[in-house]
Structure formats: C-alpha cells, structure tokens
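Participant: Got a predicted structure plus its sequence, pasted below:
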Amino acid sequence: MELGWRIHLLIMDRKEFAKRKKLMEEKVKLKLISKYPHIHQLYQNGELTLKKAYDGAQSEMLGITTFKSKGTKSFITHSTRIEKEEKTSTNTLPFGKNPIGENPKYNITFDEVNKMDYDEFKRFILSVRTFLLKEWDENNIPPYIGKDEKGVKDDIQKLIDFDVERMWKKGDDIYEYIISNDYHYGSSCNQFMSSLHKTRAGSVSMYDVIKELSLKLKFIRTFTRNLKQDKMYMVSKMMKSKHDYKSLDKKKYGLIILSVKNKDEISFNQSEIKNLLKKGIIKDYHIRNIGRELETETNFHLRYFKKDEKIVKHIIHTLRVGFSNIPINFSPIVSRYLYERYLPQNGGIVYDCCSGWGGRLMGAICSNKNINYIGCDVNSNIFESRSYEKIGQFIEKEIGRKSNYKVHQISSTRFNETDDYKIYKGKVDLLLTSPPYFNQEQYSTDKEQSYNLFPTYESWINGYIRDTFQIGYDLLKKGGVLLLNIADTKELPLELDTLSIMEDIGFEFQYEIGMKMQRYLGLDVEKIYNRYYDEEREKYVKVEPILKFIKH
Ligand SMILES: C[S@@+](CC[C@H](N)C(=O)[O-])C[C@H]1O[C@@H](n2cnc3c(N)ncnc32)[C@H](O)[C@@H]1O
C-alpha cells in the first residue's frame, strides 16, 4: 500500500478511536449523572452541559450538599467586602502561633483524614474552618504558622546581627545586581500585620476563604483535593518503581491513589488496581479517595506518605496558596541591606511613600546605620491596629533598640500637606518603596486607596504615580537615591510606564536590581518573565525588579 494511503487510514483509525473513546466517556459520565435525578433533569432540559452536570454529580458524590440546587461549580460567586479590623482589646501584636496546631482535635494525621468518608471529612474540614475564623475574629490570630513571642524576638535579633553583605552579588545583562531574599530574618514582621491576609491579591483573600458562605463549597473541594487526594503533592511521594509498594513498611507508610492522564512505567491500569483491591493491598477508602468513579479513569499512580504526618501546616499552606495569589511583605532584611548600601556612612533620612506591611520600617529600625524613617499609607486597618507603633515598641522593649520614625495616615499624593514635608523637603537621602500595583492587590476599602482615587489605569499611572513621585522628588536632596520596586503584571506594563514617568519628573535611571523571591510550590519559573538564571542552583529563579534612580 502506498505510504500516503497508509497514513490516511491511520489518521482515520485514530479519529474513529477518539470518537469511540469520547462516546464511551460520555456514557460513563451519564451513568454517574443519572444517580442524581435533580442534576440529570437539569442536564436533560439543556440547562447544564454534560461537563457541568458531571461536575455537579461529583460534588454530590463528595457529599457537598450546598451544591444541590445548581449542580455546577460555575455557580460559585462571591460578593464580599474587606472587613475592617475590629478595634478590640484582644488585639495583641505580634499575634502568636495559631492554637490550632496544638489542638489534637484538628491537628490529626494525614492517615486519619484518608480513612474518613466524605461526610465525615466534610464535617471535619468545616469545623476547622469555624475554628480558624473564630480565632481570627475573636483573638486576632490569622491562620499563620507563626512564631511565639520568644521566636519573634530571636528572629528580630537575627535580622539585626546578620551579615547582609552575603545577600548581594553581581548580576547579568538585565539585572546589574542580584539581591537574595533567601534569608527570612524579619519575617515575623507579618505577625504585627494581622490585616495582611485580609488583602485580596487576585480575587479573594484568605479571610474571604474562611468567612464567606459563597466560598464554602470551594473550600470543601480544595481541601478534598489537597488533603484526601494530595493534588499539590504536599505530603505524598512518588514510588521510584512500580512495585515499590510491596516493600513499604505498612506501619509507617500509607498509600494514596491518584488518577493520572498518561500511562507511564509506574502507572497502573484499572484492572491492576482492582487486583490490588482484591488482594487487600488497597482498601475501599483508597478507591473512594480518588474522587472519581474508578470506571471513568484509566491510569493511576500509587504514592506513599508517612502515616504520622500531621495536617495543620498543610491546611495553612493550602490556605496561603490554594485559592488566590499571596500578598507578600517587602523583606526587612533586603531593606536593611539596601539602607546600608545606599545611605551615607552615618545614616540618613528615608522616605517611604507606601509603608505597606512594615517590612521596610522594620529593616530601618534594625539597620546598623542611624535612620530617620518617614512614611505614609492609607490602609486604616494597619493604623487602627497600631501595627507600625507596635513594631517599634516591641523592638525597644524586647531588644532595647530605640527607633526614629513616623508613618502618616495620608495619601502619598497629599504628603505635601504634612508638616514633615516642610521639614524634610530637599533633605531626604533615600526613597525606598514598593507602591501598589494599581488594582491588582486590594489592601483595604479606604477611599484613598490609589485604585479608588484613580479608577482607570491611565488615570492611575498619570495621576497616582506621577503625583506621588513628584512629591518624592521634591523631598529628595540633590544626589538622593530612589529605589523603586515595581514589576509588570500579566495585564499591566507597569515597569516601563513607571520608568518613563520617573524620567519625565527628572530622575535619572541608573540600573535595575533583581530581588530574588521565595520559591512557591506550583510556580513554573521557566514561564515567567521576571527571572534570573542562578548559576549556583543551576536554574531560573523568580526575581522582582528594583529600579535605581538618582536626582541630580
Ligand atoms: C502593601 S504595599 C505593596 C506590597 C509590598 N510588597 C509592601 O508591603 O511593601 C502597597 C501599599 O500602598 C498603600 N497605598 C495604596 N494607596 C495609597 C495612597 N494613596 N497613598 C499611600 N499609600 C497607598 C496600600 O495601602 C499598601 O499598604
């Protein structure tokens, strides 16, 4: 047969095969859907697509009752408000470790979670949600793997003592220098900022996730996937070879089955899984935890996990990264280095037009240079909880280090109305800041939040950014330095737009510093734009730009 014809027939075969496979999948999906008449009906009426109906049926299978009336995850909506911090007497800062970690009712093992049926699991995870919300609302403790008071003190002491020169190195063609953020000293700054996790980075905040009724379903689903099926691979490990399960110490290790797309050398097919079930190597609950009808899936991986692995830290990790982007404080130790590099020998005056979550303030207090830090911000949650004040008070009381700072509750576009503007005009040595990225993160509902003052990107860049940095320019002395942490987002060309406004104002751009960022599970650094090839680690790392300008 001619080659062309053979290929033609092969393609025909494949097409035919794909068609049959699709029909079979549809049949299996319909089988599940038909077990839930209210969803089946909606599907038959054409109100739900097959996919949505199948999603709905799966939710029923998981016992998520709130799903009943609609039958599809696309009905999840939320209309939440960023809560104001309560001015309660229980507002102790720094907040301590979340007590859930010490509570045996909640900090159970992954193995125990695995053996629960979906109803038990749903009740359990909702009780975790209630506990976390109560701690946050009543005792001002967010779900955070924090440090106790001694831990906070030690962390700040390390921030003071650390040899920051180790963080700095020559960069590449794009970033003149690289500053690493691998040393987390000063991370306890977050424990003074209980409203940090009420920030919406993306569409929802961590607080929304545990508070809002409309997110309850998503909450159950995400935790089902992450705790019962370990979809983020937080706990379980891959077998090196297909038959490794035979030599596992069953007392120490448990098994988990994941349905996977492709067949490979360690995957099992449906009948092999049924065989393992027959032999008692896996149990019914393992099959149930796949979260799909066995018949609908073709390839499976067996993974193993330590049976005594506790779940709370994984719950908190999932809350941080499983729902939305994470708001990130500016690193105190990076700030400390930048002050020490760019301020005069004896220290000097620093202006920060968006003090944010206090990372740059803490870095200033802990610097070995003498710094007078002047800042402003408009997030009333931070001022009402007196977070900036408490950072200074704690460091003075616990470490004996005096500080010299003032953070004004005023928009950076109106800083020229303050007394400090008159006092420091033309005298500031360094402006170090990390401004908001237009409306990408919503810190609070205050009307002076930059995205409320300037609701379109155009007006924001030409109004907020221009006015803020014109004031900054006027405050700086001749030869003063501006270090500006700003990065493009998927939607906004922030870096270039900001750069051209700075040049318009009169700043001279000198170079770009790459600030190495923390690594996150699931972040594919190969695909992101702001990255740097780290030769020591032999891989790309995520960086955020800090642009250096000078006022002549
Ligand atoms: C939190 S920072 C960006 C995140 C950054 N990594 C940090 O903590 O430095 C941005 C800050 O700008 C503040 N901000 C927003 N609008 C402002 C305005 N009109 N004037 C001054 N600060 C403003 C926000 O309240 C927020 O605290």
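Facilitator: Great, that's in hand. Numbers count the residues shown, from 1 in each chain.
Participant: ok and the residue in this structure nearest the ligand?
Facilitator: Residue nearest to the ligand within the chain (C-beta to the nearest ligand atom): Gly356, separated by 2.8 Å. For every residue, glycine as well, the C-beta is placed using N, CA and C.
Participant: domain parsing for the protein?
Facilitator: 17-75, 149-188+327-550, 236-308 (automatic domain parsing).
Participant: and those as TSV, adding mean neighbour count and mean pLDDT?
Facilitator: Formatted as TSV, those follow (neighbours: other C-beta atoms under 10 Å; pLDDT from 0 to 100):
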stretch	mean neighbour count	mean pLDDT
domain 17-75	16	68
domain 149-188+327-550	18	93
domain 236-308	15	92
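Participant: Run through the residues that contact the residue of the chain closest to the ligand.
Facilitator: Contact partners of Gly356, counting by C-beta atoms under 8 Å, 6 or more residues apart in numbering, are Asn329, Phe330, Asp377, Ser434.
Participant: May I ask which helix or strand encompasses Asp119?
Facilitator: Secondary structure here is read from DSSP states H and E; on that basis Asp119 sits in helix 118-139.
Participant: Could you list the buried residues of that helix?
Facilitator: Within helix 118-139, the residues that count as buried by 16 or more other C-beta atoms under 10 Å are 118, 121-122, 124-125, 128-129, 131-132, 135-137, 139.
Participant: what packs against that helix?
Facilitator: Secondary-structure packing of helix 118-139 (3 or more C-beta pairs under 8 Å, 6 or more residues apart in numbering; DSSP states H and E): helix 206-211, helix 216-223.
Participant: helix/strand/coil for Glu512?
Facilitator: Secondary structure, DSSP: H, G, I helix; E, B strand; the rest coil: Glu512 is strand.
Participant: Can you show me the CA trace of stretch 185-201 as CSV?
Facilitator: The C-alpha trace of stretch 185-201 is given here as CSV (Å, rounded to 0.1, in the frame of the first residue of the first chain):
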residue,chain,number,x,y,z
TYR,A,185,15.1,37.0,59.1
GLY,A,186,12.5,39.6,59.9
SER,A,187,9.6,37.5,58.6
SER,A,188,8.0,37.9,62.0
CYS,A,189,7.1,41.4,60.8
ASN,A,190,4.0,39.8,59.4
GLN,A,191,2.9,38.9,62.9
PHE,A,192,2.4,42.7,63.5
MET,A,193,0.2,42.9,60.4
SER,A,194,-2.9,40.9,61.1
SER,A,195,-4.7,42.5,58.2
LEU,A,196,-2.1,41.3,55.7
HIS,A,197,-4.2,38.2,54.9
LYS,A,198,-7.3,40.2,54.5
THR,A,199,-5.7,41.7,51.4
ARG,A,200,-7.2,40.5,48.1
ALA,A,201,-4.4,39.6,45.8
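Participant: ok, and does it reach over to the ligand?
Facilitator: No - in terms of C-beta under 6 Å from any ligand atom, no part of stretch 185-201 sits within range of the ligand; the closest distance is 7.4 Å.
Participant: for stretch 384-392, same thing?
Facilitator: No - judged by C-beta under 6 Å from any ligand atom, stretch 384-392 and the ligand are separated, with a smallest distance of 10.6 Å.
Participant: can I get the domains of the chain in CSV with distance to Leu319?
Facilitator: Compiled in CSV, these are given as follows (distance: least, C-beta to C-beta, whole Å):
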stretch, distance to Leu319
domain 17-75, 19
domain 149-188+327-550, 13
domain 236-308, 20
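Participant: out of these, which comes closest to Ala201?
Facilitator: domain 149-188+327-550 (4.5 Å; C-beta to C-beta).
Participant: how far is the closest one from where the chain is centred?
Facilitator: 19 Å (C-alpha atoms, centre = their mean, to the nearest Å).
Participant: Give me the distance between the two termini of that domain.
Facilitator: Domain 149-188+327-550 has its terminal residues 40 Å apart, counting by C-alpha to C-alpha, to the nearest Å.
Participant: returning to that earlier point: run through who's touching the helix holding Asp119.
Facilitator: Applying C-beta under 8 Å, 6+ apart, the set of residues contacting helix 118-139 from outside is 61-64, 86, 90, 95, 98-100, 103, 105-106, 113, 116, 141-143, 194, 207, 210-211, 216, 219-220, 223-224, 227-228, 288, 315, 319.
Participant: on that earlier part again, same list, the helices and strands packed on helix 118-139, but as a markdown table with distance to the ligand and mean neighbour count please.
Facilitator: Compiled in a markdown table, the helices and strands packed on helix 118-139 are given as follows (distance: least, C-beta to the nearest ligand atom, whole Å; neighbours: other C-beta atoms under 10 Å):
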| stretch | distance to the ligand | mean neighbour count |
| --- | --- | --- |
| helix 206-211 | 15 | 23 |
| helix 216-223 | 25 | 20 |
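Participant: Nearest residue to the middle of this structure?
Facilitator: Residue closest to the mean C-alpha point of the chain, counted by C-alpha atoms, centre = their mean, is Ile326 at 2.4 Å.
Participant: what's the pLDDT at the closest residue to that one other than its chain neighbours?
Facilitator: Across the structure, with C-beta to C-beta, 6 or more residues apart in numbering as the measure, the residue nearest Ile326 apart from its sequence neighbours is Arg320 (5.4 Å). For Arg320, the pLDDT comes out at 86.
Participant: hmm, the longest strand along the chain touching the ligand?
Facilitator: With secondary structure taken from DSSP state E, the chain has its longest strand at strand 539-550. No - if you take C-beta under 6 Å from any ligand atom as the test, strand 539-550 misses the ligand, and the best it gets is 8.7 Å.
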